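Student: Fold the following, please.
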Amino acid sequence: MSHTINDLIKQIEKLRVDLIKVKEGRAYTDPEVIAVSQALDEVLDEYQKLMLKNKTK
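Tutor: All right, here's what the predicted structure looks like:
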């Protein structure tokens, strides 16, 4: 699935807010915290790949 830079930025911001909310009162090793963190990592990786691809054009 192809995403635009703006789509990815919106996803990153949403997941960042979600992570802050989920983290409240929980340890970094809590399964919910880990799940949201991993989802954010995946979107950040996709964003970085897209940025590098656009940079080399």
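Student: List the contacts of residue 43.
Tutor: Residues in contact with residue 43 (Cβ atoms under 8 Å, 6 or more residues apart in numbering) are 8, 11-12, 15. Quick note: C-beta positions are derived from backbone N, CA and C, even for glycine.
Student: What are the buried residues along the helix or strand that contains residue 47?
Tutor: For residue 47, the host element (DSSP states H and E) is helix 31-55. For helix 31-55, burial by neighbour count (16 or more other Cβ atoms under 10 Å) applies to 33, 36-37, 40, 43, 46-47, 50.
Student: quick one: low-confidence parts of the protein?
Tutor: 1-2, 57 (pLDDT under 70).
Student: Identify the residue nearest the residue nearest in space to the middle of it in space, chain neighbours excluded?
Tutor: Nearest to the mean C-alpha position of the chain, by Cα atoms, centre = their mean, lies residue 40 at 2.3 Å. Leaving aside its chain neighbours, residue 40 sits nearest to residue 15 (4.2 Å; criterion: Cβ to Cβ, 6 or more residues apart in numbering).
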